[in-house]
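**Q** need a 3D model of the sequence below.
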Amino acid sequence: MCRHRAAAPGEAALDEETRKTPRWTRRAMVQTAAAAAVGVALAVACAPLGVLPRLACAVLDAGCPADQEPHGRLPQATRLTPVQVAQGGMYVALGDSYSSGEGVWDLDRKPINDGADRCHRATGSYVPLVAQAYRFGGGTAFYACSGATTTQILSGQYGQRPQITRVGRDASLVTLSIGGNDAGFTKVLTGCIVKLPWSSACVEQDAAVARRIEELRPSLTKVLRELRTRAPNARIIVLGYPRPFPKDPVATVDNLSAEDQTWLNGMTRRLNDTVASVVSDFDRAIAAFGVPGSVEYVDAYEAFTGHEVGQPQPYLNGLALNMDELKVNARSYHPTGDGYRRFAELITKQIAAGPGRPMNNFRLDAP
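**A** A predicted model of the protein is given here:
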């Protein structure tokens, strides 16, 4: 049988004090005592110079060289540039006829992908030009569709998958033109052209068009919110519409008087301002929360200056009639090849410039 010796009063107090001392403090005390003992032994043995500092570093983690890497250093975060963000994954091109290439569809019917014939997606659009200008890590997906509205971006057209479903978390850049069909511009323009020459039927559409443009705000916000949900790290670039007629029209074009042209210019400006406002508000919220990605607006209103409908080298097709079928060709009042090349210039410039604020996308570099 083991016999236990009763602790002396002083020893009991010492044990109690030891229990109260935190473990990390006791460990430091042990390290210090060990270092001191070894240091004395080495000093007595006349240890070579340089041994003691290395020993102190190893035992006490003190006196280590300044250039020695600390243990457990965290990865370094590097803020990405706008171009790096855009190129990091897939480029997805969505939108309406101004993105699909409606204006050059009749000239180029090379197959692009499923549904291209119904949506009039043409290789002459700005999308292939942007894809050539930058190398996107995840490739390019082109699914803009002629006639698309904000609702159809989410629900689909012509029996095709909704455009929104083409966007995933691997998307790093999304381009989009939308809003013209919500405002009913095709019907509005048709109403302006087929009226009697002295009629004011064109400008009489003002109230109805203004109402539809204002109703665009919540539906466009819904599209942007869904894009952000699917691709939270992507840059989303929304392209505006060009002014169709000269700033100060003087001659009648396609049965459109100077007054009609001025009014149509004004409606285009109002539509662009509404889209720009929604985009700006959305991106301010992104920046305020400090989260990745962006939503950016490209103002194309003045992009075709000097090349409007009726000018010697227009960037927009004028009225095109199919005399065999006695109907208006869909390419009417859509960009020409030069017009789409101008759009490509605007988009590539925006990709390089960024949203006008620091991106909150970061890359973690190993220590």
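
**Q** got the domain boundaries for the chain?
**A** Residue ranges for the domains of the chain, per automatic domain parsing: 22-66, 80-355.

**Q** with mean neighbour count and mean pLDDT added, can I get those domains in a markdown table?
**A** Quick note: C-beta positions are derived from backbone N, CA and C, even for glycine. Output for those, formatted as a markdown table (neighbours: other CB atoms under 10 Å; pLDDT from 0 to 100):
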| stretch | mean neighbour count | mean pLDDT |
| --- | --- | --- |
| domain 22-66 | 11 | 52 |
| domain 80-355 | 19 | 94 |
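
**Q** need those in JSON lines (columns: distance to R73).
**A** Formatted as JSON lines, those follow (distance: least, CB to CB, whole Å):
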{"stretch": "domain 22-66", "distance to R73": "14"}
{"stretch": "domain 80-355", "distance to R73": "21"}
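
**Q** nearest to D365, of these?
**A** D365 lies closest, by CB to CB, to one member of these: domain 80-355, at 11.6 Å.

**Q** quick check: V188 touching Q205?
**A** Yes: using CB atoms under 8 Å, V188 makes contact with Q205 at a distance of 5.5 Å.

**Q** phi first, then psi, for the nearest residue to T78 once chain neighbours are set aside.
**A** With CB to CB, 6 or more residues apart in numbering as the criterion, T78 has its nearest non-adjacent residue at 4.8 Å, and that residue is R363. Backbone torsions for R363, taken as degrees, to the nearest 10, come to phi -110, psi 130.

**Q** burial count for R363?
**A** Residues near R363, counting by other CB atoms under 10 Å, number 13.

**Q** which helix or strand contains D248?
**A** Under DSSP states H and E, no helix or strand contains D248.

**Q** before we move on, what about A207?
**A** Judged by DSSP H and E, A207 forms part of helix 206-230.

**Q** so how far is that helix off the chain centroid?
**A** Counting by CA atoms, centre = their mean, to the nearest Å, helix 206-230 is centred 18 Å from the centre of its parent chain.

**Q** same check on stretch 280-291?
**A** Distance of stretch 280-291 from its chain centroid, counting by CA atoms, centre = their mean, is 12 Å.

**Q** could you tell me the angle between the one helix or strand Q261 maps to and helix 206-230?
**A** In this structure, Q261 sits in helix 258-289 according to DSSP H and E. Here the directions of helix 258-289 and helix 206-230 differ by 30 degrees (axes from the mean of the first three to the mean of the last three CA atoms, to 10 degrees).

**Q** so which other helices or strands are in contact with helix 258-289?
**A** Using 3 or more CB pairs under 8 Å, 6 or more residues apart in numbering; DSSP states H and E, the elements in contact with helix 258-289 are helix 185-193, helix 206-230, strand 294-298.

**Q** at 6 Å what do you get?
**A** Judged by 3 or more CB pairs under 6 Å, 6 or more residues apart in numbering; DSSP states H and E, the packing partners of helix 258-289 are helix 206-230, strand 294-298.

**Q** now the ones you listed in CSV, with distance to A141?
**A** What follows is the helices and strands packed on helix 258-289, written out as CSV (distance: least, CB to CB, whole Å):
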stretch, distance to A141
helix 206-230, 13
strand 294-298, 19
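
**Q** to T81, which of the ones you listed lies closest?
**A** Nearest to T81 among the helices and strands packed on helix 258-289 is strand 294-298; the distance by CB to CB comes to 12.2 Å.

**Q** so what strands line up beside the closest one?
**A** Using DSSP bridges, the strands paired with strand 294-298 in its sheet are strand 235-239 (parallel).

**Q** CA-only coordinates of stretch 170-182, as PDB, when you get a sec.
**A** C-alpha atoms of stretch 170-182 as PDB (Å, rounded to 0.1, in the frame of the first residue of the first chain):
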ATOM      1  CA  ASP A 170     -18.600  31.200 -63.700                       C
ATOM      2  CA  ALA A 171     -19.700  34.300 -65.600                       C
ATOM      3  CA  SER A 172     -17.300  37.200 -65.200                       C
ATOM      4  CA  LEU A 173     -18.800  39.600 -67.800                       C
ATOM      5  CA  VAL A 174     -22.400  40.100 -68.900                       C
ATOM      6  CA  THR A 175     -23.400  42.500 -71.600                       C
ATOM      7  CA  LEU A 176     -27.000  43.500 -72.100                       C
ATOM      8  CA  SER A 177     -29.100  45.900 -74.200                       C
ATOM      9  CA  ILE A 178     -32.800  46.000 -73.000                       C
ATOM     10  CA  GLY A 179     -35.700  48.300 -72.700                       C
ATOM     11  CA  GLY A 180     -36.600  49.400 -76.200                       C
ATOM     12  CA  ASN A 181     -39.200  46.600 -76.600                       C
ATOM     13  CA  ASP A 182     -40.600  47.400 -73.200                       C
END
